[in-house]
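A.B. asks: 3D model of this:
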Amino acid sequence: TAARAVIGSGFVPFEDKTMTFAEPFTEFFKHVNLAQHAGVRLESELFGHQKGAYTEAVENYQGTLSRCSAFDVIYLDDIGRMPDSVQAKLASVLQHRTFTPVGSHTKQTFDGRIMASSRKPSKELLRDKELREDLYYQLCVNEIHVPALRQRFKEKTSEFELMISHVIRQF
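C.D. replies: Residues are numbered from 1 along each chain as shown. Presented below is the predicted three-dimensional model:
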């Protein structure tokens, strides 16, 4: 929810000729659940692949980075689960703004932005070597700390009642 709020507050140019925004707001948010993909499939999901790059690559595939415009944000859920090799490639993308799909030799450009989340504090991820330092420094322009519900309920007991009231109103 916090990620969607940040992304939704971004600037999108309004085109006077067509009387529309440059891109629809519903398409800015590209969510990648890192726990859902493993190994070469994660690389393929992010960077794309060429036909024949690996056994399951039966056709060319345009990865999430390729499908991003300058206004799009890729949201990487639980960055600590990303393998070190993919973290290194992603750090390079953020530094140089180019990438190469799996099995290809042709560089492509990345114009979008990347936002990541983790269940653990970033300092803990760095200490436990679950997050590469170079990727951390490429990603961390701003950090948003969203406290756990148990912490919020402990600090302010009325928070639980507010949440229940909100859920009931939604129904």
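A.B. asks: separation between the nearest residue to residue 110 once chain neighbours are set aside and residue 33?
C.D. replies: Once flanking residues are discounted, residue 110 sits nearest to residue 65: 4.9 Å by CB to CB, 6 or more residues apart in numbering. For glycine as for every other residue, the C-beta is placed from the backbone atoms N, C-alpha and C. Shown here: residue 65 relative to residue 33, a distance of 16 Å by CB to CB, to the nearest Å.
A.B. asks: and residue 32, helix, strand or coil?
C.D. replies: Following DSSP: H, G, I helix; E, B strand; the rest coil, we place residue 32 in the strand state.
A.B. asks: can you tell me which residues contact it?
C.D. replies: 45, 46, 64, 74, 75, 76, 77 (CB atoms under 8 Å, 6 or more residues apart in numbering).
A.B. asks: re earlier: quick one: the residue nearest to residue 110 from residue 170, how far?
C.D. replies: 35 Å.
A.B. asks: of those two, who's got more company?
C.D. replies: With neighbours defined as other CB atoms under 10 Å, residue 65 and residue 170 compare such that residue 65 has more, 25 against 6.
A.B. asks: now do the more buried one against residue 79, distance only.
C.D. replies: Using CB to CB, we find residue 65 at a distance of 15 Å from residue 79.
A.B. asks: next one: residue 40
C.D. replies: Between residue 40 and residue 79 the computed distance is 19 Å (CB to CB).
A.B. asks: just checking, next helix/strand downstream of the lowest-mean-pLDDT helix or strand in the chain?
C.D. replies: Lowest mean confidence among the helices and strands of the chain (mean pLDDT, DSSP states H and E): helix 2-8, at a mean of 68. With elements assigned by DSSP states H and E, the helix or strand that comes after helix 2-8 is strand 14-15.
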